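In: just the structure for this:
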Amino acid sequence: MSSPASLEERIEKLIAQLEQMKKMLEGIALDEMCEAKAYRDMAKACRDEHAKWELFLIAFDSIVHREIAWALMRAITSTIMFARDLLLYKPGPEEAKRVLEMVETHISMEKLAQSSYEDLVPLAEPGTTLRKLLELLVEEEKKHARLAESVIKRLKSKTGETQ
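Out: Okay, here's the model as predicted:
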């Protein structure tokens, strides 16, 4: 049985995967750009209202897909920069208590973000990428709150504090 990978090994592996994803996403974004334009043109030329609506929805989703691909490329670039910085930074012991306090504060921010996304969900057209993305973001904020609570528990157990 192999030992678990170190934080550095895990981050280096993630960076390599993110670099590969970034290259692939550029092609996807360009494809979605072409798709969005094609479906937009088809919707404009279509005379049947039902078909026009469905072509519009495909164009709308393609626009969202295109922008998600570009945004993911930017997010991946930022994440790679942060990961490399994380490997270089060595925190001092005085920062431990501050981290615990900050994580405790941020749990409420995760819950506020969750509520904000929940308010947006009903505004998005059902079945669209936008609606699914907003629903996903609600779940992501719930996950962040759970992870933050786990971090608090772990940090408190290391310092001997009770919950």
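In: tell me the confidence at Lys97?
Out: On pLDDT, Lys97 comes in at 75.
In: burial measure for it, as a count.
Out: The number of residues packed near Lys97 is 12, by other CB atoms under 10 Å. From N, CA and C alone the C-beta is placed, and that goes for glycine too.
In: one more: Cys34?
Out: 11.
In: tell me the spacing between it and Met21.
Out: Note on Cys34: its distance to Met21, by CB to CB, to the nearest Å, is 21 Å.
In: again with Glu32
Out: Glu32 is 15 Å from Met21, where distance means CB to CB.
In: these two: which is more packed in?
Out: Neighbours per residue (other CB under 10 Å) separate Glu32 from Met21, with Glu32 holding more: 20 against 13.
In: count of residues packed around Arg47?
Out: Arg47, neighbours per other CB under 10 Å, totals 6.
In: no wait, Glu12
Out: Neighbours of Glu12 under the rule other CB under 10 Å: 15.
In: ramachandran coordinates for the closest residue to Ala124 other than its chain neighbours?
Out: Among residues not flanking Ala124 along the chain, Arg131 sits closest, at 3.8 Å (CB to CB, 6 or more residues apart in numbering). Main-chain torsions, Arg131, degrees, to the nearest 10: phi -60, psi -50.
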